[in-house]
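**Q** What follows is a predicted protein model with its sequence.
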Amino acid sequence: KEAGIHPARPHRVVGTNEVYDPATNTWQARSPMPTPRNHAAVGVVNGKIYVLGGRLGNAFIGRAANTDVAEGYDPATDQWSPTLTRMPTPRSALAWGTYKGKIYVAGGELQTAQMAAAFRAVEAFDPATNSWSVLPSLEFPRHGAAGDVIGNRLHVVSGVVQVKARPTVA
């Protein structure tokens, strides 16, 4: 029996939403995510959870479609928001961090029949105004990176860096 997810084997993306209670060591099902996806950014602002972008339909970018959907979840009421303002750049496998009430997203990837690419894009979502800001880009495009805010800076580390090869001079 083969274990794990593989692009050649069937699998599906689910919108499962559960809460874990460490005091009782139990899980409880909650209202499912309206847009099932993976490789999304997730940030918490004012007690609400926001799920931004990601992949639809498959765990592997070569068989999935990126989305620009942004949704919010209120754990206190177990309710999902209507779809929020969409991301300026649909993408998956992006880094993120939360700072002063905004969720910052950076990098990510895209694949079509014609190309595979990583993003340099950096954007910020403000749940209070339901709006996005486009910020200065990353120096190098990358996907699958980790990110978080330390102090007042978003740090993006690791991931797959894609840079254009520089021609050599003979």
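**A** Yes, it's here.
**Q** Any chance you could list what contacts stretch 40-54?
**A** 33, 35, 37-39, 55, 66-76, 84, 87, 90-92, 94-98, 101-103, 105, 108, 125, 127 (Cβ atoms under 8 Å, 6 or more residues apart in numbering). C-beta: built from backbone N, CA, C; applies to glycine.
**Q** Any buried residues in that stretch, and which?
**A** By neighbour count on 16 or more other Cβ atoms under 10 Å, the buried set for stretch 40-54 is Ala40, Ala41, Gly43, Val45, Lys48, Ile49, Tyr50, Val51, Leu52, Gly53, Gly54.
**Q** mean confidence score for it?
**A** When pLDDT is averaged over stretch 40-54, the result is 96.
**Q** ok, now stretch 83-96?
**A** Across stretch 83-96, the per-residue pLDDT values average to 93.
**Q** buried residues in it?
**A** For stretch 83-96, by 16+ other Cβ under 10 Å, it's Leu84, Met87, Thr89, Pro90, Arg91, Ser92, Ala93, Leu94, Ala95, Trp96.
**Q** Nearest spatial neighbour of the first one, chain-adjacent residues omitted?
**A** Excluding its sequence neighbours, the residue lying closest to Leu84 (Cβ to Cβ, 6 or more residues apart in numbering) is Ala70, at 4.1 Å.
**Q** Quick check, the one you found in contact with Thr85.
**A** Yes: the criterion here is Cβ atoms under 8 Å, and Ala70 meets it with Thr85 at 6.4 Å.
**Q** list the residues that contact both of the two?
**A** Phe125.
**Q** what's the distance between Thr98 and Thr112?
**A** 31 Å (Cβ to Cβ, to the nearest Å).
**Q** residue contacts, Leu12?
**A** Just to correct that, residue 12 is Arg rather than Leu. So Arg12 contacts Gly57 (Cβ under 8 Å, 6+ apart).
**Q** tell me the phi and psi of Gly62?
**A** phi -70, psi -20 (degrees, to the nearest 10).
**Q** Leaving out chain neighbours, which residue sits closest to it?
**A** Gln111 (5.4 Å).
**Q** returning to what we had before: of the contacts of stretch 40-54, which count as buried by neighbour count?
**A** Applying 16+ other Cβ under 10 Å to the contacts of stretch 40-54 flags 33, 35, 37-39, 55, 66-73, 84, 87, 90-92, 94-98, 102-103, 105, 108, 125, 127 as buried.
**Q** ok so, going back, tell me the contacts of the residue nearest to Leu84?
**A** Applying Cβ under 8 Å, 6+ apart, we find Ala70 in contact with Tyr50, Val51, Leu52, Gly53, Thr83, Leu84, Thr85, Arg86, Met87, Phe125.
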